[in-house]
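In: Sequence and predicted structure are below.
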Amino acid sequence: MSTCFGTPRGEWRLGLSNSGSRTRAAQRRFGGESYGYWAFAALAIGLFTSVADHGSVSVALPTISEHFGADLPTTQWVVIGYTLTISALLLPMGRLADIAGRKRVYLLGFLIFVVSGVAAGLSPNISVMIVARLAQGVGAAMTQGTSMAMIVASFPSQERGRALGLQMSIVGLGGVGGPAVGGLLVGELGWEWAFFGTAIMGVVAILAALVVVDPARSGAAADRSGARFDWAGAGLSAGALIVFLMAMTWAPRLGYGNPVIAGSFAVFAAFLAVFIVHELRSSSPMMDVRLFKRRLFSLGVIASFLNFLGSNSSRFLMPFYLQAVLGLNPTQVGLVIVPGAVCMMIVGPISGRLSDRFGWRWFTVGGMLLAISGLLILATLQPDSSIALAMAGMIMQTAGVGVFNAPNNSSILSAVEPSKYGVISGFLNLVRNSGSLCSIAVATAIVTATMGSMGFEPSLAAVSAEGGEGLLAAFTSGLRIAFVAMAGVMAVGLIASAMKGGGYEYSGEA
C-alpha cells in the first residue's frame, strides 16, 4: 500500500472525513445525476466565506487600529500577512490535496480557518491578531484551490465551463458581499465580528461539505506508489512567491530602482530558477513544469495572468476618481461599482455554459475585447466627465472579465490530468492573486509618476477633493495613461487567447 508522510493512505482519517453511516447515507441521498449541483452548493458556502473574509476584515481595519492604538501600517499586516500566506501556500496545499485527498485537506483547512478566526477575534493585542491571521491564511490556502478542484471534479468534463462559471459567480458575490456584511457587523456588533462572522460561516461550510461531498467523486487520495510530497519544491516556491509579492507591494512606495526592491527581484529570479531545475529533476514534483510545453496550458496561463494584470487596476483606481474627482461619497461610490460586479456574476455562468457547447475561443477572445473596450472608455475620462461614462466603462470592463474567466480556466484544466486538478487549481488562484497585485503596483506607479512629472506630490494619499484642480487634473491624466497601458497588456492576452486554439489537448485519467 502506498503511503503519504509515512501513513497508509487507506488508513488516514482526520475525524472530519467520510466516516459513519449517517454521512454515507446522506451522500447517497445527494448523489445521482444532480450530485454536481449539490456538491457545488455545499462548496459554494466555503468559497463565499473565504472570499468575503478579506473584504470583511479590510473594512474593520480602521476600527481595529483605533481599538489597539496601533498605527495603520502595522494594522494592515492583518490583511497583508494573511494574503501573503495564502499566496505562498496555494501550490503546496493544492499538491497535498491531490496526494492525500481533496475533501480531507479542505475540511482540515476550514477547521484551521475557524479556530484561527476565533483566536483573531479574541486577540488581546495587534501582534497576537497578526499571528492568528497568518494561521488563518494557512487554512484558507488549504481550501481555496481545493474547492475549485472539487467543484470541477464533481461535474462531467463537458460541463466544466458551467461549473467554473458558477464558481466565478460566487467569487464575485463574495467580493461584493464581504465589505457590505463586514461593515454591518462591525458597525452593529464590533470589530470582533469581522472574524466571528466568517468563523460561523466556516462551521456551516464544514458541515455542508461533510454531509454532501463524496471523496471518491471530488478527488480521493491517489493510489500511486511514486506520489510523495515535495518539501523542497514547496519551500522554494513559497520563498520565491513571498519575495516577489513583498517586492511588488513595496515597489510603488520605495521605487523600482531602490536597491532593496531590485535585490528582491534578483532573489526571486534565483529562487524561481532553482525551483524549475528541482521540479524537472524530481520524481514526484510538486508542480509538473513540463505542463508548460502544452500550448493550450501555457497560453491559457499567460492570458489569465495578463487578464488580471490589466483588469484589476480599474477596481483599485476608480474609487479614487469617483470620490476625489467627481465628489461622490463612499455610499455613492459603492452604488456605482456594484452594477459591474453584479454583471460579472451574471455573465460568468452563462459564458461558461455556452463555452461547453461552442468552444472557448469565442468567449476568451470576446471577453478580452469587451474588457479592453471598457478600459479604453475609462481612458477618455476627464475631471468633468459624467458618472454615466464611468459606469459604462466599468460595466463593460468587468463584464468582459466575467465572459473570459470561466472558459479560459476550463481550457487550462482540459490540458491537465484530473489527478493534478488540486495543484493546478491552486496555481490558477495564485495567477489571479499575483496578477491582481501586479496590476495595482504597476498602475499606481504610472499614475504617481505622471503626477510627479506635472509638479505634484507623487502619491495617491494626496488625491482628495481638497487637493485642488491642478492635482486632480494631474491624477486624471495619470489615470488615462494607466488605463491605456492596461488595455495594451490585455491586447497581448487577447493574442495569446487567439493562438491557443479551441480543442481539448487532454482527456482521460493519468
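Out: Cool, got the structure.

In: Run the chain-centre distance for whichever strand or helix holds residue 108.
Out: Here residue 108 sits within helix 102-121, counting by DSSP states H and E. Distance, stretch centre to chain centre, for helix 102-121: 18 Å (Cα atoms, centre = their mean, to the nearest Å).

In: going forward can the numbers begin at 49, since that is how I track them
Out: Fine by me, first position is 49 from now on; the one you just mentioned is helix 150-169.

In: mean confidence score for the helix or strand that it is followed by?
Out: Counting by DSSP H and E, the next helix or strand C-terminal to helix 150-169 is helix 174-201. Averaging pLDDT along helix 174-201 yields 90.

In: Report all helices and strands that helix 174-201 contacts.
Out: Applying 3 or more Cβ pairs under 8 Å, 6 or more residues apart in numbering; DSSP states H and E, one finds that helix 174-201 contacts helix 83-116, helix 125-148, helix 150-169, helix 208-237, helix 263-266, helix 469-501. For glycine as for every other residue, the C-beta is placed from the backbone atoms N, C-alpha and C.

In: Where does the prediction get shaky in the stretch 49-198 of the chain?
Out: Scanning the stretch 49-198 of the chain for pLDDT under 70 picks out the ranges 49-81.

In: do the same with the stretch 299-448 of the chain
Out: Regions of the stretch 299-448 of the chain meeting the criterion pLDDT under 70 are absent.

In: now the helices: where do they sit in it?
Out: In the stretch 299-448 of the chain, the helices defined using DSSP state H, counting those that start in this stretch lie at 307-329, 343-368, 378-406, 409-426, 435-462.

In: out of these, nearest to residue 213?
Out: helix 378-406 (2.4 Å; Cβ to Cβ).

In: Which strands or helices does that closest one pack on?
Out: Here helix 378-406 touches helix 208-237, helix 343-368, helix 409-426, helix 435-462, going by 3+ Cβ pairs under 8 Å, 6+ apart.

In: if you compare these, which one is most tucked away?
Out: Among those, helix 435-462 has the highest mean neighbour count (mean count of other Cβ atoms under 10 Å), at a mean of 25.

In: for the stretch 449-558 of the chain, which spans come out with low pLDDT?
Out: Scanning the stretch 449-558 of the chain for pLDDT under 70 picks out 513-515, 549-558.

In: 80 instead?
Out: By pLDDT under 80, the weakly predicted segments of the stretch 449-558 of the chain are 507-516, 548-558.

In: how near is the nearest residue to residue 450 once chain neighbours are set aside to residue 442?
Out: The spatial neighbour of residue 450 that comes closest, neighbours along the chain excluded (Cβ to Cβ, 6 or more residues apart in numbering), is residue 392 at 3.5 Å. To residue 442, residue 392 is 10 Å away according to Cβ to Cβ, to the nearest Å.

In: same question, residue 294
Out: Applying Cβ to Cβ to residue 294 and residue 442 gives a distance of 30 Å.

In: so residue 253 touches residue 94, yeah?
Out: Yes - contact criterion Cβ atoms under 8 Å: residue 253 and residue 94 qualify, at 3.5 Å.

In: Mind listing the shared neighbours of those two?
Out: Each of residue 158 lies in contact with both residue 253 and residue 94 under the rule Cβ atoms under 8 Å, 6 or more residues apart in numbering.

In: show me the contacts for residue 278.
Out: 143, 327, 330, 332-334.

In: Just the buried residues of these.
Out: Listed as buried from the contacts of residue 278 are 143, 327, 330, 333-334; burial here means 16 or more other Cβ atoms under 10 Å.

In: Can you lay out these as JSON lines showing distance to residue 423?
Out: Formatted as JSON lines, the buried ones among the contacts of residue 278 follow (distance: Cβ to Cβ, whole Å):
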{"residue": "143", "distance to residue 423": "35"}
{"residue": "327", "distance to residue 423": "35"}
{"residue": "330", "distance to residue 423": "41"}
{"residue": "333", "distance to residue 423": "37"}
{"residue": "334", "distance to residue 423": "36"}
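
In: So which of those residues is the closest to residue 537?
Out: Nearest to residue 537 among these is residue 327, at 27.6 Å by Cβ to Cβ.

In: Nearest residue to the closest one in space, please, no chain neighbours.
Out: Closest to residue 327 by Cβ to Cβ, 6+ apart is residue 333, at 4.2 Å.

In: Relative to residue 345, how far out is the one you found?
Out: 15 Å.

In: before we move on, what about residue 320?
Out: Distance of residue 320 to residue 345, computed by Cβ to Cβ: 18 Å.

In: Packing partners of the strand or helix carrying residue 121?
Out: Assigned by DSSP H and E, residue 121 belongs to helix 120-123. For helix 120-123, the packing partners by 3+ Cβ pairs under 8 Å, 6+ apart come out as helix 83-116.

In: same thing but 10 Å
Out: Using 3 or more Cβ pairs under 10 Å, 6 or more residues apart in numbering; DSSP states H and E as the contact test, the elements touching helix 120-123 are helix 83-116, helix 174-201.

In: in the last one, what's buried?
Out: If I follow you right, that is helix 174-201. 174, 177-178, 180-201.

In: Please apply the same query to stretch 528-538.
Out: In stretch 528-538, counting by 16+ other Cβ under 10 Å, buried: 528-531, 533-535, 537-538.

In: Among these, name the ones in helices.
Out: Counting by DSSP state H, the part of those found in helices is 528-531, 533-535, 537-538.

In: could I get the residues you listed as a markdown table with distance to residue 375?
Out: Converted to a markdown table, these look like this (distance: Cβ to Cβ, whole Å):
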| residue | distance to residue 375 |
| --- | --- |
| 528 | 19 |
| 529 | 23 |
| 530 | 21 |
| 531 | 21 |
| 533 | 27 |
| 534 | 25 |
| 535 | 27 |
| 537 | 30 |
| 538 | 30 |
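
In: Return the member of those residues nearest to residue 447.
Out: Nearest to residue 447 among these, with distances taken as Cβ to Cβ, is residue 538, at 13.7 Å.

In: Residue 118 belongs to a helix?
Out: No - Residue 118 sits outside any helix when classified using DSSP: H, G, I helix; E, B strand; the rest coil, being coil.

In: residues contacting it?
Out: 112, 124-126, 173-175, 177-178 (Cβ atoms under 10 Å, 6 or more residues apart in numbering).

In: Make TSV from those residues and add distance to residue 366 to it.
Out: Formatted as TSV, the contacts of residue 118 follow (distance: Cβ to Cβ, whole Å):
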residue	distance to residue 366
112	26
124	21
125	26
126	25
173	36
174	31
175	35
177	30
178	30
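
In: if we can go back for a sec, do I have it right that the residue nearest to residue 450 meets residue 453?
Out: Yes - counting by Cβ atoms under 10 Å, residue 392 touches residue 453, with 8.5 Å between them.

In: Next, show the common contact partners of the two.
Out: Common contacts of residue 392 and residue 453 (Cβ under 10 Å, 6+ apart): 216, 219-220, 399.

In: So for the residues you listed, which is the shakiest by pLDDT?
Out: Confidence-wise, residue 220 trails the rest of these, at 79.

In: tell me the contacts of it?
Out: Neighbouring residues of residue 220 by Cβ under 10 Å, 6+ apart: 99, 388-396, 446, 449-450, 453.

In: could those residues be laid out in TSV, adding distance to residue 509?
Out: Shown next, in TSV, are the contacts of residue 220 (distance: Cβ to Cβ, whole Å):
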residue	distance to residue 509
99	28
388	26
389	26
390	30
391	31
392	29
393	32
394	36
395	35
396	34
446	26
449	28
450	32
453	32
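
In: By the neighbour-count criterion, which of those residues qualify as buried?
Out: Listed as buried from these are 99, 388-393, 395-396, 446, 449-450, 453; burial here means 16+ other Cβ under 10 Å.
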